[in-house]
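[1] coords please:
(one chain, ligands or ions: 1)
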Amino acid sequence: MQGSGLNAALNSLFDMVRSLLYLIRNKYNEKVKGNLVKYEPVIGLEVHAQLLTRSKIFCGCSTTFGEEPNTQTCPVCTGQPGSLPVINRKAVEFAIKLGLATSCRIAPYSLFARKNYFYPDLPKGYQISMYEFPLAEDGFIEIMLHGQKKRIQIIRIHLEEDAGKLKHGEAPETASFSYVDFNRTGVPLVEIVSGPDIRSPEELLRELKHDDREIDQCPVTPQHLAEMLSMIKEGTISGKIAKDVFEEMYRTGEHPEKIVRDKGWMQILDEGEIQKAIEKAMEANPKQVEDYRKGKEKLFGFFVGEVMKQTQGKANPKLVNELLKKKLK
Ligand SMILES: [Zn+2]
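    Numbers count the residues shown, from 1 in each chain. You can find the predicted model right below:
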């Protein structure tokens, strides 16, 4: 399997943190007061990992990364009528190995299912995945926590195909287009679903890091993590900047507030300052302003991008949207 690395781990972490905050905000409709002490976090992970086969899961196309867009495609992975999938033996073998390594029960019978998927990066209109009959079930991994073994249940492991890559035009002349690269479409993935056994940010970090000895020296403490979360909640930093803050915390072990202060990463909530950035963006792009006002509304995203560029990504996105809409009218 591919070494997903710190970045992938960070991405899962932030997805999880976002869902967690969302849940807390909506379910209790109360303020998270600086930390998570009032609530007990119960966390389950859904991890996707690429299986390192040389060809895709249902066709012979290469899985090599970084080739020219749409050079590794065929009628099967582009969903042409009449084409039929043929399973890649190696992908099944790898997934079974993973099931065995995590003490799962390997299913004597499993079944692929078609899951509705109406996005253009998977042109069939469905994703081939597993639903009622996954490949492996009911396993576990063990992590060390305070010198004791703790089991994290693995509910299921199943095989599925990855989707392609969408690229949205950013330059003014391409802002109304989206591009799609099907090279990744049909790359084999395993989805690993863990039980809701993770009870603290510390356990989560431990699991994400996969290395017990290293975690003891992990510079990010649960307190720092909780403080960073409340900075997102209070609007001091944006979710986007939080990723950089976390990386800095990880690298230096510093307090999140100190990092944000030193780096000047505070979110801009000042309307005047945002207005100024908007005016600059409009002055620099008179042609786009004209086109927008003539009805080319897709240019709105271009202006948001320009304002974000001017503010180094620190402007509050909601305010940018509101103010920009008024200004562009
Ligand atoms: Zn193909």
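[2] From now on I want contacts and neighbour counts done on CA atoms only, so please keep to that.
    Fine.
[3] Residue 319 touches residue 269, doesn't it?
    Yes: assessed by C-alpha atoms under 8 Å, residue 319 is found in contact with residue 269 at 7.4 Å.
[4] give the contact list for the residue in the stretch 101-250 of the chain positioned nearest to the ion.
    Nearest to the ion, among the residues of the stretch 101-250 of the chain, is residue 186, at 7.1 Å (C-alpha to the ion). The contact partners of residue 186, by C-alpha atoms under 8 Å, 6 or more residues apart in numbering, come to 56-59, 77, 161-164.
[5] Also within reach of the ion: list those from the residues you listed.
    59, 77 (C-alpha under 5 Å from the ion).
[6] Now neighbour count and secondary structure too, for the contacts of residue 186, in JSON lines please.
    Formatted as JSON lines, the contacts of residue 186 follow (neighbours: other C-alpha atoms under 10 Å; DSSP: H, G, I helix; E, B strand; the rest coil):
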{"residue": "56", "neighbour count": "29", "secondary structure": "coil"}
{"residue": "57", "neighbour count": "29", "secondary structure": "coil"}
{"residue": "58", "neighbour count": "21", "secondary structure": "coil"}
{"residue": "59", "neighbour count": "19", "secondary structure": "coil"}
{"residue": "77", "neighbour count": "29", "secondary structure": "coil"}
{"residue": "161", "neighbour count": "23", "secondary structure": "strand"}
{"residue": "162", "neighbour count": "23", "secondary structure": "coil"}
{"residue": "163", "neighbour count": "22", "secondary structure": "coil"}
{"residue": "164", "neighbour count": "22", "secondary structure": "coil"}
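[7] Put together CSV for the contacts of residue 186, with pLDDT on each row.
    Below are these laid out as CSV (pLDDT from 0 to 100):
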residue, pLDDT
56, 97
57, 98
58, 97
59, 97
77, 95
161, 97
162, 96
163, 95
164, 94
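[8] Which parts of the stretch 1-150 of the chain are strands?
    Using DSSP state E, counting those that start in this stretch, the strands of the stretch 1-150 of the chain run over residues 46-50, 105-106, 112-116, 126-130, 136-145, 148-161.
[9] so how far is the second one from its chain's centroid?
    Strand 105-106 sits 29 Å away from the centroid of its parent chain (C-alpha atoms, centre = their mean, to the nearest Å).
[10] same check, this time on the fifth one
    For strand 136-145, the separation from the chain centroid amounts to 23 Å (computed by C-alpha atoms, centre = their mean).
[11] lowest-pLDDT helix or strand in this protein?
    Using mean pLDDT, DSSP states H and E, helix 212-216 stands out as the lowest-scoring helix or strand of the chain, at a mean of 44.
[12] Measure how buried residue 155 is and give me the count.
    When neighbours are defined as other C-alpha atoms under 10 Å, residue 155 has 18 of them.
[13] who's in contact with stretch 88-104?
    51, 53, 55-59, 105-106, 135-141, 154, 156-159, 188, 190.
[14] got the residues of the chain near the ion?
    Residues of the chain lying near the ion (C-alpha under 5 Å from the ion): 59, 61, 73-74, 77.
[15] What is whatever helix or strand residue 273 lives in packed up against?
    Taking DSSP states H and E as the criterion, residue 273 maps to helix 271-284. For helix 271-284, the packing partners by 3 or more C-alpha pairs under 8 Å, 6 or more residues apart in numbering; DSSP states H and E come out as helix 300-310, helix 317-328.
[16] Which stretches in the stretch 51-200 of the chain count as helices?
    With helices called from DSSP state H, counting those that start in this stretch, the stretch 51-200 of the chain shows them at 89-101.
[17] Point out where it drops to low pLDDT.
    For the stretch 51-200 of the chain, the stretches flagged by pLDDT under 70 are 170, 172, 199-200.
[18] rerun that using 90 as the cut-off
    Across the stretch 51-200 of the chain, the ranges flagged by pLDDT under 90 are 65-66, 102, 118-120, 141-152, 166-179, 194-200.
[19] rewinding a little: with adjacent residues omitted, what lies nearest to the residue of the stretch 101-250 of the chain closest to the ion?
    Nearest-residue entry for residue 186: residue 161, 4.7 Å, with adjacent residues in sequence omitted and distances by C-alpha to C-alpha, 6 or more residues apart in numbering.
[20] Which residues does stretch 240-250 contact?
    Contacts of stretch 240-250 (C-alpha under 8 Å, 6+ apart): 10, 14, 218-220, 225, 228, 232, 254-256, 259-260, 265, 313-314.
[21] Quick check: residue 83 touching residue 58?
    No: with contact defined as C-alpha under 8 Å, residue 83 does not reach residue 58; the gap is 10.6 Å.
[22] what do the two both touch?
    residue 76.
[23] which among the contacts of stretch 88-104 end up buried?
    With burial judged by 16 or more other C-alpha atoms under 10 Å, the buried subset of those is 51, 53, 55-59, 106, 135-141, 154, 156-159, 188, 190.
[24] Many thanks, we can stop here.
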